[in-house]
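[1] Just need the structure, nothing else, for what follows:
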Amino acid sequence: MRKEKNISFPDCWDELTTDEWVYLLQLRYALQTHRGVSLQDVRRAWCFYVLSHRGYKFHYDKALQTDDMNLIEQLTETLDWMWLIDDEEGCIALRFNTTKNLFPKWKKLIGPQSHGADLTFGEFRAATAAMNLYTQDHMPSDLLALVAILYRKPGDFGKRQPFDVDRLPEYMRDAKVMPPELQWGVYAWFAYFCEYLLKGAFVIDGNEVTFAPVFGRRDPNAPTASGQDLGLNSILYTVAESGVFGTADDTDRTPLLRVLLKLLDDKQRADEMLKRIKSK
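    Residues are numbered from 1 along each chain as shown. Next comes the predicted model:
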């Protein structure tokens, strides 16, 4: 984390506050919808916002304001980790790549915990299906469905209500309070979480765990995971048949990472058994 004039300035996604992420999403929306707004305008506005909200005191003396502007210009040059620019395609996109949920709640809606810690298997299956539909057709209703699945009103002990797919229309009515630009932020987080499941490592009970073997071999350069690629329905039926977590409905109510840990353990046992057979 860089420090300018005793003010910490973020240099990765994990260091953003919720307000900084929300403002960035609003700026991204302005960049896409308003002619005359450039990426450099967005960078400057975001740097000014971050400095202001982290305690930097801008000068009122015009003679010293040049120093402030120079500082902002210097900081805009440090944001390559944030933006992806494709000159050939004329495309500008955010390089979002963290499983930390920078947007844990909105008004009365509570989102999932960072790193998918409280996602149930059924909730994840439903969210993946909605994400795939939105990725294919970019229909606002599919994006709203994704948000509605992940962000729900609190239930007991202030936690999110347990997910019930039959209540999706109700969830979607509640989720309409979230502006479209923030809904896209939910999509960005969940899409990267799905990708990370295939490639990354999670720390569970102090141990580093990689779930890639559960999903089989996959091209590491392939695009963000889809439900078909993840084979979630197949996983559901396989686990339900084993009876470890109960019925298919019981499995859907089981924490996602717990289901994946079970499948990973089964895969490792099967691989070890295969090695023993081949060695004989």
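
[2] CA atoms for contacts and neighbours, from now on please.
    Fine.

[3] hang on, isn't Asp14 packed against Phe96?
    No - between Asp14 and Phe96 there is no contact under CA atoms under 8 Å: 10.3 Å.

[4] Comparing those two, which residue is more hemmed in?
    More crowded of Asp14 and Phe96, by other CA atoms under 10 Å: Phe96, with 17 against 13.

[5] quick one: secondary structure of that one?
    Look at Phe96: counting by DSSP: H, G, I helix; E, B strand; the rest coil, its state is coil.

[6] low-scoring pLDDT stretches of this structure, where are they?
    Along the chain, the parts satisfying pLDDT under 70 run over 1-5, 61, 63-64, 87-90, 216-231, 233-234, 237, 275, 280.

[7] for it, which helix is longest?
    When the chain is parsed with DSSP state H, its longest helix is helix 256-279.

[8] Now do that helix: distance to the chain's middle.
    Distance of helix 256-279 from its chain centroid, counting by CA atoms, centre = their mean, to the nearest Å, is 28 Å.

[9] Contacts for it, please.
    116-121, 124, 211, 213-214, 239, 251 (CA atoms under 8 Å, 6 or more residues apart in numbering).

[10] Now which of these would you call buried?
    For the contacts of helix 256-279, a neighbour count by 16 or more other CA atoms under 10 Å gives the buried set as 116, 118-121, 124, 211, 214, 239, 251.

[11] how about these in CSV, adding secondary structure and distance to Leu168?
    Listed next are these as CSV, based on DSSP: H, G, I helix; E, B strand; the rest coil; distance: CA to CA, whole Å:
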residue, secondary structure, distance to Leu168
Gly116, helix, 20
Asp118, coil, 19
Leu119, coil, 16
Thr120, strand, 15
Phe121, helix, 16
Phe124, helix, 14
Phe211, coil, 29
Val214, helix, 29
Val239, helix, 25
Thr251, helix, 19
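
[12] From those, pick the one nearest Arg54.
    Gly116 (28.4 Å; CA to CA).

[13] Identify the residues contacting the residue nearest the centre of the chain.
    Nearest to the geometric centre of the chain sits Trp189, at 1.5 Å (CA atoms, centre = their mean). Taking CA under 8 Å, 6+ apart as the criterion, Trp189 is in contact with 96-99, 101.

[14] which of those tops the neighbour count?
    Neighbour counts for these peak at Thr99, which has 24 neighbours (criterion: other CA under 10 Å).
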